[in-house]
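Participant: quick one, fold the following:
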Amino acid sequence: MIPTLKSLSASLRYTAQAIILFTLLSSGASAETTSHQVKPQTVYDLKSVFASVQSMDVTQGRARIGGTLVELLVDEGDIVEAGQKLALVRDAKQKLQIAALTSKLRSLNAQLQLDKTTLKRVSTLKKSGKASQSELDKALTKVDVVSADIAALKLDQAVVRESQSQGDVFAPARGRVLSVKVTRGVVVMPGEAIADIAADSYILRLLLPERHARFIKKSDTVLVAERGMLDINDETSQSTRREGIVSQVYPELDNGRVVADVKVEGLGDFFVGERVRVWVSTDKRQTYVIPESYIHRRYGLSFVYLSDGTEIVIQPGSKLNGGMEVLSGLHNGDTLVQRPTPGPAHANSAGQ
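Facilitator: You can find the predicted model right below:
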C-alpha cells in the first residue's frame, strides 16, 4: 500500500515531537546529576605586600694591581660571564722594567757566548799542557755564573710580565653589572672595585610587619603577581599569579619587620630592586567555597539553587581555591544544582 502525503506529514510530526521530548528529558537528567555538596573548607587569609627583587650574591670585579685604567669594556646592565674581561689596568713602570730586563738579558747572553768561547780555548790549551787546571776551573765557573744570572733575569722578567697580566680585571661570576665605579683614564689602587656584579641568582625579599612573624616559616607557599601589576584591586592579576617558596626567614627583625626570601622562577629579566606584589598567608579559617558556575545574579543580588528547587540569596566574598567564598546564606550539607529540577512550582510560575 502506498502511503499518502497526509500520512507522511503526520508521521514526520510525531517523530519531531518524540525527538524534542527526548532532548528535554535528557537535559533534565543531566541537570539533576550536576550538583555540589556544601562543606566547610580551610582557607588561608592572604595579605598583599610588596617584595623587591634582590640578588642573592653581589660580587665585585677588583683591580689586582695599581695603575691607570686604560680600557673599560662593560657598562651598567650588561650581562657578563664568569672570567670575562671587564677592564684593563696598566702601570707605565712595568713596560720600562721589561725593556730594561730585556736589554740586560741581551748583555748577559753576549757575555755567556764570550765565556763559552774562552772555556773552549782554555780546555784545548789544557790538553796540550799550555794551560793549568786552575785556569780551566776559572773559565768553567764564569760560564756557570753567567748562566745562573741569565736564569734569574728570566725569572725577574716573568714576574714583571705576570704582574702586567694581572692588570686584566675579570668578572668573578656570571651575572648583571649593577654599577661601574670608575671611568677610563683614572688611577686605581690594588684591590679597588671596578664594577658591582649581581650574581645570576635572584630572589624576592619580603619585609613583613612583626605581628606576622609567627605565621610565616620556611617552605611556605606564596602567590606572586606578574611584573608591573601593583594594584591591589587588579582582577587580571588573579588569573596570572605564580607560586613562590619561602627559602629563608631571617631570625633578626629589621625596624620591627620580618625579613624573608622567596624563590621564584623567571626573575632574571627584572630590575634589581623592582617591586612585585606578593600575597602571603597570615591566618587560616573555615568557610564555604563553591564553584562560580552555581551562582547567578539578578537585580544586583546573587542566587543559588538548592536540590529541592529552592532559590536562595547568598552573600559572595572573594575568589578562593578556584571558586567563590560564600559569606552567608548556605549551611553545611546543602546540595546545590546549576538548574532547578522541573516541578509543579516551576510549572505554575511558568504558566503565570
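Participant: buried stuff in stretch 188-195?
Facilitator: Across stretch 188-195, burial judged by 16 or more other Cβ atoms under 10 Å covers 188, 192, 193, 194, 195. Using the backbone N, CA and C atoms, a C-beta is placed for each residue, glycine as well.
Participant: nope, stretch 311-321 is what I was after
Facilitator: Burial within stretch 311-321, assessed by neighbour count using 16+ other Cβ under 10 Å, is assigned to 314, 316, 320.
Participant: would a markdown table of the residues you listed with distance to residue 45 be doable?
Facilitator: Output for these, formatted as a markdown table (distance: Cβ to Cβ, whole Å):
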| residue | distance to residue 45 |
| --- | --- |
| 314 | 20 |
| 316 | 17 |
| 320 | 10 |
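Participant: for stretch 91-106, C-alpha coordinates in PDB please.
Facilitator: What follows is stretch 91-106, C-alpha atoms only, in PDB (Å, rounded to 0.1, in the frame of the first residue of the first chain):
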ATOM      1  CA  ASP A  91     101.400  50.600  35.100                       C
ATOM      2  CA  ALA A  92     103.800  52.500  33.000                       C
ATOM      3  CA  LYS A  93     106.800  51.400  35.100                       C
ATOM      4  CA  GLN A  94     106.200  47.800  34.200                       C
ATOM      5  CA  LYS A  95     106.800  48.500  30.500                       C
ATOM      6  CA  LEU A  96     110.100  50.200  31.400                       C
ATOM      7  CA  GLN A  97     111.100  47.400  33.700                       C
ATOM      8  CA  ILE A  98     110.500  44.800  30.900                       C
ATOM      9  CA  ALA A  99     112.600  46.800  28.500                       C
ATOM     10  CA  ALA A 100     115.400  47.100  31.000                       C
ATOM     11  CA  LEU A 101     115.400  43.400  31.700                       C
ATOM     12  CA  THR A 102     115.400  42.600  28.000                       C
ATOM     13  CA  SER A 103     118.400  44.800  27.400                       C
ATOM     14  CA  LYS A 104     120.300  43.300  30.400                       C
ATOM     15  CA  LEU A 105     119.400  39.800  29.100                       C
ATOM     16  CA  ARG A 106     120.900  40.500  25.800                       C
END
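Participant: mind checking the pLDDT average for that stretch?
Facilitator: Averaged over stretch 91-106, pLDDT sits at 88.
Participant: give me the contacts around it.
Facilitator: When contacts are taken as Cβ atoms under 8 Å, 6 or more residues apart in numbering, the neighbours of stretch 91-106 outside the stretch itself are 65-68, 150, 153-154, 156-157, 160-161, 163-164, 167.
Participant: now do the strands in the stretch 201-350 of the chain.
Facilitator: Assigned by DSSP state E, counting those that start in this stretch, the stretch 201-350 of the chain shows strands spanning 202-209, 221-224, 242-249, 257-263, 275-290, 296-298, 301-306, 311-320, 323-328, 335-337.
Participant: hang on, the earlier thing: from the contacts of stretch 91-106, keep the buried residues only.
Facilitator: If we count by 16+ other Cβ under 10 Å, the contacts of stretch 91-106 have these buried: 65, 67, 150, 153, 157, 160, 163, 164, 167.
Participant: mind putting the buried residues of stretch 188-195 into JSON lines with distance to residue 273 and pLDDT?
Facilitator: JSON lines is the format used below for the buried residues of stretch 188-195 (distance: Cβ to Cβ, whole Å; pLDDT from 0 to 100):
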{"residue": "188", "distance to residue 273": "27", "pLDDT": "92"}
{"residue": "192", "distance to residue 273": "25", "pLDDT": "92"}
{"residue": "193", "distance to residue 273": "19", "pLDDT": "92"}
{"residue": "194", "distance to residue 273": "21", "pLDDT": "93"}
{"residue": "195", "distance to residue 273": "17", "pLDDT": "93"}
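Participant: out of the strands of the stretch 201-350 of the chain, which comes closest to residue 177?
Facilitator: The closest of the strands of the stretch 201-350 of the chain to residue 177 is strand 202-209. By Cβ to Cβ, the value is 14.5 Å.
Participant: from what I can see residue 191 touches residue 62, true?
Facilitator: Yes: in this structure residue 191 lies within contact range of residue 62 using Cβ atoms under 8 Å: 5.6 Å.
Participant: ok, back up a step: relative to residue 73, which of the buried residues of stretch 311-321 is nearest.
Facilitator: residue 320 (52.6 Å).
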